[in-house]
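Student: model this:
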Amino acid sequence: MKGVFRSTGFKILVVVLFAMFCLMLYTSNAGSSVTAKLFGFVTTPMQRISTLVTNNAAVTARSAAQSKDELIAENQKLKEQVDELNKKLVNYYTYQQENAQLRKFLELKNENRDFKPVSAAVIGRDPGSLFGQFTLDQGSQSGISLNDPVVTEAGVVGWVSAVNSTYSQVTTILSPETKISAIDKVNRETGVVGCDIRSADQGFVKFQYLSTGTRVKAGDLVVTNGIGGVYPRNLIIGTVRAVKHSQYDVSLYAEVTPAVNAKEVRDVMVITAFQGKGQAMPSVATPASSSASSSGGR
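Tutor: Alright, predicted model coming up:
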């Protein structure tokens, strides 16, 4: 028992109890202010931390609200910029296309001073047409009229078969309605270029009514000869790929690959005026001329 009272732990316990007793006596004499101070000493830091957290939360919420409004405004501004850039891009491609067309037209115009070409773009195709008929974005207001030849810088595409004030329809070189007075540029043999369902389906036209002793051969260039007043002279029609016998008479014909794929063309020129336009074909007693005359040389 004496060992317990002499131990270090017992001595510390006595000191703590004595200090607490003195503190109680002091606070009872000094009043509640000391207790309040002691309580305040403990709670004040906690209050400061709580206030700081609350204030920071309010600032964060306010900043978040401001950022959302700013993001909405910025997003709207970016959308407007995108719309403006898209418009400029459309204009850019339009100008690029027009400039390319103008360069081609100037080349054609320089080679044919009498031509009056009108630039036009394909805006519609007849999906059920085997012959590639299509619609252009130019019409009579631009000077286009019925039977005007339709070409590209590469060669013949077809002719204007219907006209409205703001658009026109084109019947292509692949149509059986199209008949073109033509000449082999190599040996100057003449004939009529036409087409039928079978050849249109296979993508070629026929250079018809050739003589039995024809010198037309594969690789020859076939062009318009200007007879009939529908097409000017020397427009490229295509290249001969083979010479064959006709099934209906003793004449020969040549299969010609068109210089222009009428089913895929997108931009064309309509020649509204040229030297010799509308002049009737003279009467010449040959199969080629009689056929072309009956068809109007289209």
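Student: Point out where the stretch 151-298 of the chain drops to low pLDDT.
Tutor: Across the stretch 151-298 of the chain, the ranges flagged by pLDDT under 70 are 280-297.
Student: Go through stretch 232-239 and flag the buried ones.
Tutor: Neighbour-count burial for stretch 232-239, with 16 or more other CB atoms under 10 Å as criterion, is recorded at Pro232, Leu235, Ile236, Ile237, Gly238, Thr239. The way it works is simple: take the backbone N, C-alpha and C, and place the C-beta from them, glycine included.
Student: what's it in contact with?
Tutor: 112, 114-115, 149, 151, 154-156, 173, 180, 182, 193, 204-205, 207, 219-226, 256-259, 271, 274-277 (CB atoms under 8 Å, 6 or more residues apart in numbering).
Student: Find the nearest non-adjacent residue to Ile123, please.
Tutor: Asp137 (4.7 Å; CB to CB, 6 or more residues apart in numbering).
Student: and the one you found, what is it in contact with?
Tutor: Ala120, Ala121, Val122, Ile123, Thr166, Tyr167.
Student: let's see 6 Å
Tutor: For Asp137, the contact set (CB atoms under 6 Å, 6 or more residues apart in numbering) comprises Ala120, Ala121, Ile123.
Student: Likewise for Tyr167?
Tutor: With CB under 6 Å, 6+ apart, Tyr167 has these contacts: Thr135, Gly139.
Student: still on that earlier bit, pick out the one among the contacts of Asp137 with the largest number of neighbours.
Tutor: Ala120 (23 neighbours; other CB atoms under 10 Å).
Student: would you say it is within a strand?
Tutor: Yes. With DSSP: H, G, I helix; E, B strand; the rest coil as the criterion, Ala120 is part of a strand.
Student: does Val240 sit in a helix or strand, and which one?
Tutor: Here Val240 sits within strand 233-245, counting by DSSP states H and E.
Student: from the contacts of Asp137, which single one is nearest Tyr248?
Tutor: Ala120 (37.1 Å; CB to CB).
Student: what's across from the closest one in the sheet?
Tutor: Using DSSP bridges, the beta-bridge partners of Ala120 come out as Val268.
Student: thinking again about what came up before, determine which two of the buried residues of stretch 232-239 are furthest apart.
Tutor: Pro232 and Thr239 (19.6 Å).
Student: Next, the buried residues of stretch 175-187.
Tutor: Ser175, Glu177, Thr178, Lys179, Ile180, Ser181, Ala182, Ile183, Asp184.
Student: so what pLDDT did the nearest residue to the first one once chain neighbours are set aside get?
Tutor: Spatial nearest neighbour of Ser175, chain neighbours left out: Phe131 (4.0 Å); criterion: CB to CB, 6+ apart. Taken from the predicted model, the pLDDT recorded for Phe131 is 94.
Student: ranges for the helices of the stretch 51-200 of the chain?
Tutor: Assigned by DSSP state H, counting those that start in this stretch, the helices in the stretch 51-200 of the chain fall at 197-202.
Student: how does this protein divide into domains?
Tutor: Here the domain assignment for the chain is 2-55, 118-295, based on automatic domain parsing.
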